[in-house]
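>>> Would you be able to build a 3D model of this:
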Amino acid sequence: MSYGWPWASLIAQFKFQNQTGWARHFAILMKSAPFVADAIEHADALIPIPLSFKRLSERGFNQSLVLSQQLSAHKTQFHSLLRLRHTAAQSTLPRNERLTNVKDAFAVAPNEFAKLRGQRIMLIDDVMTSGATLNAAAEVLKQAGVVCVSALVFARTPA
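Predicted structure coming up:
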């Protein structure tokens with residue numbers, strides 16, 4: 001979806017007003033997009049983009065994890081990717097600062113390297129602005145030996 005009306009306000013309700021019931025509806029819409037159901041089927045695991053401890057404690061839940069569980073609960077691996085540090089929200093930054101904002105923000109959990117090696121992983125997030133967060137996460141997964149990283153988001157901001 002394009003991150004505009006009505007999706008922007010519904011996503012805000014989901015993320016910031018703890019209306020997690022939207023995840024089920026968002027997942028249905030995500031799965032109905034061309035090729036998505038097959039891509040989920042062929043992925044070995046879905047990995048939601050982790051939140052920093054600070055952001056998780058503010059919200060009380062990780063919206064990407066909730067989405068991932070609605071897409072495929074049995075394929076969701078939420079302990080594989082770690083958020084090492086708190087970063088400014090990507091949506092608050094100019095495009096040229098987004099890459100440096102998430103640089104070195106992610107790592108693969110030390111006990112997950114062997115499990116991830118050779119896997120096909122799908123990253124899950126609610127909104128993509130520049131793609132910097134997904135790229136930073138994909139980079140550390142590839143360094144850990146993941147053979148294929150794809151991404152699925154509910155909405156994308158205009159380029």
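>>> Report the secondary structure state of the residue nearest the centre of the chain.
With distances taken as C-alpha atoms, centre = their mean, the residue of the chain nearest its centroid is Asp125 (2.6 Å). Under the three-state scheme (DSSP: H, G, I helix; E, B strand; the rest coil), Asp125 adopts strand.
>>> Would you agree it is in contact with Ile47?
No - because the distance of 10.0 Å does not satisfy C-beta atoms under 8 Å, Asp125 is recorded as not touching Ile47. Quick note: C-beta positions are derived from backbone N, CA and C, even for glycine.
>>> Helices along this protein, start to end?
In the chain, the helices defined using DSSP state H lie at 7-16, 22-32, 36-42, 53-59, 63-72, 95-101, 113-116, 132-143.
>>> Let's see the pLDDT reported for the residue nearest to the centre of the chain.
You'll see Asp125 listed with a pLDDT of 98.
>>> do the same with the one 4 residues further on
According to the prediction, Thr129 has pLDDT 88.
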